[in-house]
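1. let me see the structure of the following:
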Amino acid sequence: MEPRFREKRMAVSFENPDSLPPLPFDPEKLGLAFTNILSNAINYTPSGGTITVSVRLLEPWVEVSVRD
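-> Residues are numbered from 1 along each chain as shown. Next up is the predicted model:
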């Protein structure tokens, strides 16, 4: 996705805790979900904008949010 961020001159920031516990997940499905969410953020954020991805531990869950 990096080429698309550069093309639209977007800043991307990541906010995450220092550590997370091991989590069971399907890497392929999670990758597809992130690709879809970030693609939408790129499409609907004006050039020069900022996209922020944040991760928060809400035991027993992990919350991921994308703000554009």
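2. and the helices in this protein?
-> For the chain, the helices defined by DSSP state H occupy 2-7, 27-44.
3. rebuild these as a markdown table, extending it with distance to Pro17, mean pLDDT and mean neighbour count.
-> For the C-beta atoms, the positions are set from N, CA and C on the backbone; glycine is no exception. Shown next, in a markdown table, are the helices of the chain (distance: least, Cβ to Cβ, whole Å; pLDDT from 0 to 100; neighbours: other Cβ atoms under 10 Å):
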| stretch | distance to Pro17 | mean pLDDT | mean neighbour count |
| --- | --- | --- | --- |
| helix 2-7 | 23 | 92 | 10 |
| helix 27-44 | 18 | 94 | 12 |
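4. distance to Trp61 added to those helices, as CSV?
-> Output for the helices of the chain, formatted as CSV (distance: least, Cβ to Cβ, whole Å):
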stretch, distance to Trp61
helix 2-7, 28
helix 27-44, 14
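5. what about the closest residue to Arg67 other than its chain neighbours, how many residues close to it?
-> The shortest distance from Arg67 to any non-neighbouring residue, by Cβ to Cβ, 6 or more residues apart in numbering, is to Thr52 (4.5 Å). By the criterion of other Cβ atoms under 10 Å, Thr52 has 14 neighbours.
6. okay, and the beta partners of Thr52?
-> Ser13, Arg67 (DSSP bridges).
7. for Arg4, give me its contacts.
-> Applying Cβ atoms under 8 Å, 6 or more residues apart in numbering, we find Arg4 in contact with Ser39, Ile42.
8. ok, it to Asp26 distance?
-> Remark: distance between Arg4 and Asp26 (Cβ to Cβ, to the nearest Å) = 24 Å.
9. over to Thr35?
-> Taken as Cβ to Cβ, the span from Thr35 to Asp26 is 14 Å.
10. try Trp61
-> Counting by Cβ to Cβ, the gap from Trp61 to Asp26 is 16 Å.
11. now Ser65
-> 20 Å.
12. OK, contacts around the most centrally placed residue in the chain?
-> For the chain, the residue nearest the mean C-alpha position is Val53 (4.1 Å; Cα atoms, centre = their mean). Taking Cβ under 8 Å, 6+ apart, we find Val53 in contact with Val12, Ser13, Phe14, Glu15, Leu38, Val64, Ser65, Val66, Arg67.
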